[in-house]
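Q: Let me see the structure of the following:
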Amino acid sequence: MARTNDADRENSPLLARWRSRAQEIMNEAYALSYAFRDPRTPWYARAWLGLVVAYAFSPIDLIPDFIPVIGYLDDLLLVPLGVAVALKLVPPEVIASAREQARASTESGRPGYRLGAFVVLLIWLAVLIVVALLILWSVTRRSG
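A: Residues are numbered from 1 along each chain as shown. Purely as a prediction, here's the structure:
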């Protein structure tokens, strides 16, 4: 039988709280995806929502997760900060409606992220191609 020390017992509730908070943030991000589609959402809020939702559900991070400590900083700081700003920009009635839609969608089954993930991957691929072309253009211009 494995023994647990006091530090493990103390960290377990903390870890559970962090996991719970992370799930709440992802639920908010999912609700924000519905707010993005709502015609009552102002254009500037839609622009921010597009960035936040795309980043929250993107499989590609600004700072790769395999980098110790700072790899998770973007997940711990950028996503919650982006969600908090988005909640301030979107009208409260739109947020309430979006949360209800997200809740109903989640209860009826696992929400489909495949199309969203595919679109985000295409955007990242396009960004990488543009950066590569700019680098190639810069190198060939200097040598020519």
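
Q: Please, which helix or strand holds the residue sitting nearest the centre point of the chain?
A: Centrality entry for the chain: nearest residue to the mean C-alpha point is Ala56, 0.6 Å, by C-alpha atoms, centre = their mean. Applying DSSP states H and E as the criterion places Ala56 in helix 43-57.

Q: which helices and strands does the helix or strand of the chain with the lowest mean pLDDT pack with?
A: Ranking every helix and strand in the chain by mean pLDDT, DSSP states H and E puts helix 73 at the bottom, with a mean of 73. Here helix 73 is seen to pack against no other helix or strand when contacts are counted using 3 or more C-beta pairs under 8 Å, 6 or more residues apart in numbering; DSSP states H and E. Backbone N, C-alpha and C define where each C-beta goes, glycine included.

Q: Show the residue spans covered by the strands in this protein.
A: With DSSP state E as the criterion, the chain has no strands.

Q: low-confidence ranges in it?
A: Within the chain, the segments meeting pLDDT under 70 span 1-11, 59-63, 65, 108-117, 119, 144.

Q: Where is the longest helix in it?
A: The longest helix of the chain (DSSP state H) is helix 6-37.

Q: Measure how it sits relative to helix 43-57, angle-wise.
A: Per axes from the mean of the first three to the mean of the last three C-alpha atoms, to 10 degrees, the angle that helix 6-37 makes with helix 43-57 is 140 degrees.

Q: Compute the distance between the residue nearest to the centre of the chain and Ala86, please.
A: Separation of Ala56 from Ala86 (C-beta to C-beta, to the nearest Å): 10 Å.

Q: Go ahead and confirm Gly50 touches Ser33.
A: No - Gly50 lies out of contact with Ser33 (C-beta atoms under 8 Å); the separation is 9.4 Å.

Q: so how many other residues sit close to Tyr30?
A: Neighbourhood size, Tyr30 [other C-beta atoms under 10 Å]: 22.

Q: What distance do you get for it to Tyr44?
A: 21 Å.

Q: Kindly report the same for Leu32.
A: With distances taken as C-beta to C-beta, Leu32 is found 14 Å from Tyr44.

Q: of these two, who's got more company?
A: Counted by other C-beta under 10 Å, Leu32 and Tyr44 do not tie: Leu32 has more neighbours, with 27 against 9.
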